[in-house]
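> predicted model, plus sequence, below.
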Amino acid sequence: MKKIDRNVEASIPPATAVPTELRAPAPALPAPAASDTPEVIRLRGFWSEGWRRIGSTEERLDLPAIVQQGRDIASLGHLPMRVITAGTFSNSSVGTLADRERLQSLWEGLQGRFLNMSSRAEQSFVRKCGHFVQRQNPLIIIEKILDLHRGV
């Protein structure tokens with residue numbers, strides 16, 4: 001349990017509790033092209049191998065360690081859990097619209113697997129945000145934490 005304040009406790013599974021999430025996007029990305037934008041090159045590099053490097057994210061997460069910790073989580077039982085799924089790929093400039101829709105569908109399916117971790121899990125979609133909902137729409141994060149606190 002992570003203590004958020006003296007009144008609220010939350011068990012927050014790492015975003016990589018399903019390690020497939022870090023491996024699945026790379027093969028699904030469109031093939032490299034001379035016309036790739038810097039964002040596409042960066043995304044391809046991150047999803048291919050970059051996530052393995054400590055500090056590959058702005059938060060300087062040790063994703064390999066998080067993956068290992070996530071493998072140890074079998075179940076949260078009946079602990080309430082909220083899965084907030086962003087428009088990670090639909091808001092990117094990767095490939096064609098069809099590529100982005102396919103990648104977003106894959107992402108939403110992978111995120112949906114977290115629902116198996118708790119009998120009280122719920123998934124919300126914030127499709128207008130990119131991957132970092134906490135930066136682009138911190139109020140939705142606060143709202144979900146308060147929902148948990150209120151027992152909603």
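Arrived safely. Numbers count the residues shown, from 1 in each chain.

> only C-alpha atoms from now on, for both contacts and neighbour counts.
Fine.

> what's the next secondary structure element after the top helix by length along the chain?
The single longest helix within the chain, with elements called by DSSP state H, is helix 97-112. Going down the chain from helix 97-112, the next helix or strand is strand 121-126, by DSSP states H and E.

> I figured Asn62 hits Gln68, correct?
Quick fix: residue 62 reads Asp, not Asn. No. Asp62 lies out of contact with Gln68 (CA atoms under 8 Å); the separation is 10.2 Å.

> identify all contacting residues around stretch 137-144.
Contacts to stretch 137-144, defined as CA atoms under 8 Å, 6 or more residues apart in numbering, come from residues Arg82, Cys129, Val133, Gln134.

> does the third one touch Thr88 like I think?
No. If you go by CA under 8 Å, Val133 and Thr88 don't touch, sitting 9.2 Å apart.

> Val83: what secondary structure?
Three-state call for Val83 (DSSP: H, G, I helix; E, B strand; the rest coil): strand.

> hang on, Asn91 packs against Lys128?
Yes. With contact defined as CA under 8 Å, Asn91 counts as touching Lys128 (7.1 Å).

> where do the strands of this protein begin and end?
2-5, 8-10, 81-86, 121-126 (DSSP state E).

> what's near enough to touch Leu29?
Contacts of Leu29 by CA under 8 Å, 6+ apart are Arg44, Val94, Gly95, Asp99, Leu103.

> select from the residues you listed the one having the most neighbours.
Within the contacts of Leu29, neighbour counts (other CA atoms under 10 Å) peak at Leu103, which reaches 24 neighbours.

> need the per-residue pLDDT for that one.
Here, the pLDDT recorded for Leu103 equals 91.
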